[in-house]
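K.L.:
predicted model, plus sequence, below.
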Amino acid sequence: MNRRSVAALFLAVAAPALGQVRALGPLTPPPGPVSDTGPSLQDVEPRVIVNAANTPGNSFAEFVISAPGSYYLDRDLDLPGTKTAIFISASDVTLDLNGFTITAAAQTALINGIGVSADPNQNNVRVRNGALRGFGENGVALGQRSIVENVRVIDTGLNGILTGRLSVVTDCSVEGGGIAGSGGTGTTAGITVGDDSAVRNSVVFDHRGDGVEMNSRCTATGVAVNNTGRFGIIAGPIAVIESCRVQNVGSDGIFGQDGSVITNCSVRDAGGIGIFGGNSSRVAGSVVNRTLNGAAIQIGSEATVENCTAAAAGSAGIIANSGSVVRDCLVNFAQADGVFAEDGASVIGCQIRNSGANGITGIRRNRITGNTIDGFTRFGVSIDEDSLIDSNVISGSLTVSSIAAIEIGAGFSRVTRNEISLAGSTGVPEGDTGSYIVGDLTQGIGSVFFGPSNDTTSPWTNVID
C-alpha cells in the first residue's frame, strides 16, 4: 500500500470521529459568573462548627456534642479550666480540631479537655488534628472503638490520651503531665488504651507516670518514650511491641506480660529492667544499653530471647526463667552474671564478655552450648547439676577472685568439646583438670569430663590451652 492509499484510509476512518468532536460544541465558557456544578462539601460531609450556638454547654462542659455527625473547630479555644472543654455524649462522632489548640488556664479541677459519657455502649468517636494543653485530668478521654490521630497533648494532670477497648492512637504526642500521679502511683500515663487496641507512631516524653499503658492483646508500633517517671511501655498479656524506642525511664523500659512479642526495640538508661517478657514471650532483635537496678533483659518460663544485645546491666545481662532459651545474643559488661539460666533453660550461641560474676550461671538440666565467654570475675560457666556444657569457647585473664573456667556443683553433667584458654592462675586450684573444672567429676557422682586427663583422641575432648 502506497502513502496516498494510507492517507486516504486515515481520513476515511478519522472523519466521523472528528465530526463528533465538532458536534460537542465550543470550548469557550458562557458569559457571567462561574457557579458550582457539583455538590458542596457540606452536602458530601455535613460539618458543624463547635460553638455556643451549635453545641451549647452545660454545668460541667463548655460545649456538648449530643448528636452523631462531623464537627470541627474554627478557632483556638482559651478556657478557664473549670469545666470539660468538649463533652461528647453521642456515638459516631468525628471531631476535627482543624489545627487549633484548646487551652485550660488552670489545672485546679480534675476535668478533661475532651471527654465522653460513662455509657459503655457509646463508641466510634474520632478526634484528630489539633492540640490540648493544661487540663487537670486527661487531655483526651474516649470510650471503646475510638480513634485519636495527629493530636498533641501538653501538661495534663493524669493521662494525656485515654481510650477504651478496640481503639487506635496514631501519630500523636504527649508532652509533660502526670502531676496528679507524681510519685509513681501507676495510675497515670502519657497514653493509655484498653484491650485489643493499637498505639502507632506516637511520642511520649517528660511524663511523670508511665509512657504508654496497654491492656491485653494490644500493639505498639513505632512508639518513642523519653524521660518518664515510671515504665516506658507497659502491656498486658499477648501484646505485640515492635520498633519502639525507650530512654531515660524511672522503672522498666518495656514490660510485656505473658505471651508478649517484643521485637526490634531499643531501651537505654532504664531504672529497672530494660526489657521484660512474661511466660511464653519472645524478645528478638532488640538492644538494651544501661540499666540501673535490673537485668538488661528478663523473661519468664518457656520464653525466648534471640539476636539481642544486652550491655551495661546493673544486674545480670539476661535472666531466663525455667524452660526458656537464650540464643545468639551479645552480652557485655553486666555487673552480675552475663546470663543467669533457671532450671531447664538453654543458652546457645551467645557472646558473653566482661561479666561482673559468672559468664553463665545455670541451676540444673541446662544446655550451655556454642557460646563464646571472654572475661569474667568468678567462673566462665557455673552449673549445679544434670546439665550439658558443650562446644563453648572460654577465655580471659583470671583475677584474684577468679576460680575456674567451669564449675560443676552437685554433678551429673556432661562437659565436652569446650576450648579453654586462660591467662594467669592466681586463686586457681592446681592440676590439669582442677584448674578448669571445680567439683568431683570422677568419683561416682555421675559427671563426665573429656580432657587432658582422659582420652585426648576422643572427638568429645575438651581442649585446654
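P.N.:
Sure, I can see it.
K.L.:
from here on, just use CA atoms for contacts and neighbour counts.
P.N.:
OK.
K.L.:
could you list the low-confidence segments of the stretch 301-450 of the chain?
P.N.:
Applying pLDDT under 70 to the stretch 301-450 of the chain flags the ranges 397-403, 411, 423-450.
K.L.:
got the residue ranges for the helices in it?
P.N.:
Taking DSSP state H, counting those that start in this stretch as the test, none of the stretch 301-450 of the chain falls into helices.
K.L.:
for Ile88, what are phi and psi?
P.N.:
Note on Ile88: backbone dihedrals following degrees, to the nearest 10 are phi -110, psi 120.
K.L.:
just use 758 as the starting number from now, easier for me
P.N.:
Understood, numbering begins at 758; the last thing we discussed is Ile845.
K.L.:
quickly list what Val908 is bridged to.
P.N.:
Taking DSSP bridges as the rule, Val908 bridges to Gly887.
K.L.:
read off the pLDDT value for it.
P.N.:
Here, the pLDDT recorded for Val908 equals 98.
K.L.:
that one touches Ser930, doesn't it?
P.N.:
Yes. Using C-alpha atoms under 8 Å, Val908 is in contact with Ser930, at 6.6 Å.
K.L.:
okay, stretch 926-933 in CSV with CA atoms only?
P.N.:
C-alpha atoms of stretch 926-933 as CSV (Å, rounded to 0.1, in the frame of the first residue of the first chain):
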residue,chain,number,x,y,z
VAL,A,926,-4.0,6.1,68.8
THR,A,927,-1.8,7.2,65.9
ASP,A,928,0.7,10.0,65.1
CYS,A,929,0.1,11.6,68.5
SER,A,930,2.4,13.2,71.0
VAL,A,931,2.2,13.7,74.8
GLU,A,932,4.5,16.2,76.5
GLY,A,933,4.8,16.5,80.2
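K.L.:
give me the distance from that stretch to the chain's centre.
P.N.:
Relative to the centre of its chain, stretch 926-933 is centred 15 Å away, using C-alpha atoms, centre = their mean, to the nearest Å.
K.L.:
equivalent analysis for stretch 833-852, please.
P.N.:
Here the centre of stretch 833-852 is set off from its chain's centre by 31 Å, with C-alpha atoms, centre = their mean.
K.L.:
can you give me the mean pLDDT across it?
P.N.:
Mean per-residue pLDDT for stretch 833-852: 94.
K.L.:
what's the end-to-end length of it?
P.N.:
In stretch 833-852, first residue to last residue: 14 Å (C-alpha to C-alpha, to the nearest Å).
K.L.:
buried stuff in that stretch?
P.N.:
Buried residues in stretch 833-852, counted by 16 or more other C-alpha atoms under 10 Å: 833, 836-848, 850-852.
K.L.:
burial check on Phe1133, number of neighbours?
P.N.:
Residues near Phe1133, counting by other C-alpha atoms under 10 Å, number 33.
K.L.:
with Asp876 instead?
P.N.:
Asp876 has 11 nearby residues by other C-alpha under 10 Å.
K.L.:
what do you get for Leu867?
P.N.:
17.
K.L.:
ok, it to Gly814 distance?
P.N.:
Look at Leu867 and Gly814: by C-alpha to C-alpha, they are 18 Å apart.
K.L.:
does Ser1038 touch Gln1055 like I think?
P.N.:
No. The criterion here is C-alpha under 8 Å, and Ser1038 misses it with Gln1055 at 10.3 Å.
K.L.:
ok, back up a step: in strands, which of the buried residues of stretch 833-852 fall?
P.N.:
Mapping the buried residues of stretch 833-852 onto strands (DSSP state E) picks out Leu836, Thr841, Ala842, Ile843, Phe844, Ile845, Val850, Thr851, Leu852.
K.L.:
okay, the residues you listed in a markdown table with distance to Leu1087 next?
P.N.:
Putting these into a markdown table (distance: C-alpha to C-alpha, whole Å) gives the following:
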| residue | distance to Leu1087 |
| --- | --- |
| Leu836 | 54 |
| Thr841 | 51 |
| Ala842 | 51 |
| Ile843 | 51 |
| Phe844 | 52 |
| Ile845 | 51 |
| Val850 | 50 |
| Thr851 | 48 |
| Leu852 | 48 |
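K.L.:
of the residues you listed, which pair is most distant in space?
P.N.:
Leu836 and Val850 (22.4 Å; C-alpha to C-alpha).
K.L.:
isn't Pro837 right next to Ala862, touching?
P.N.:
Yes. With contacts counted by C-alpha under 8 Å, Pro837 reaches Ala862, the gap being 4.9 Å.
K.L.:
so how far is stretch 1080-1090 from its chain's centroid?
P.N.:
19 Å.
K.L.:
output it in CSV with nothing but the alpha carbons.
P.N.:
In CSV, the C-alpha atoms belonging to stretch 1080-1090 read as follows (Å, rounded to 0.1, in the frame of the first residue of the first chain):
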residue,chain,number,x,y,z
GLY,A,1080,12.5,-23.9,80.2
SER,A,1081,13.5,-20.7,78.3
VAL,A,1082,16.0,-20.3,75.5
VAL,A,1083,18.6,-17.5,75.1
ARG,A,1084,20.1,-17.8,71.6
ASP,A,1085,22.6,-15.8,69.5
CYS,A,1086,22.8,-12.8,71.9
LEU,A,1087,25.6,-10.4,72.8
VAL,A,1088,26.0,-9.6,76.5
ASN,A,1089,28.7,-7.2,77.6
PHE,A,1090,29.7,-5.5,80.9
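K.L.:
quick one: contacts of it?
P.N.:
Around stretch 1080-1090, the neighbours that count as contacts under C-alpha atoms under 8 Å, 6 or more residues apart in numbering are 1056-1070, 1074-1075, 1077, 1095-1096, 1099-1113.
K.L.:
again, 7 Å this time
P.N.:
1058-1070, 1074, 1095, 1100-1112 (C-alpha atoms under 7 Å, 6 or more residues apart in numbering).
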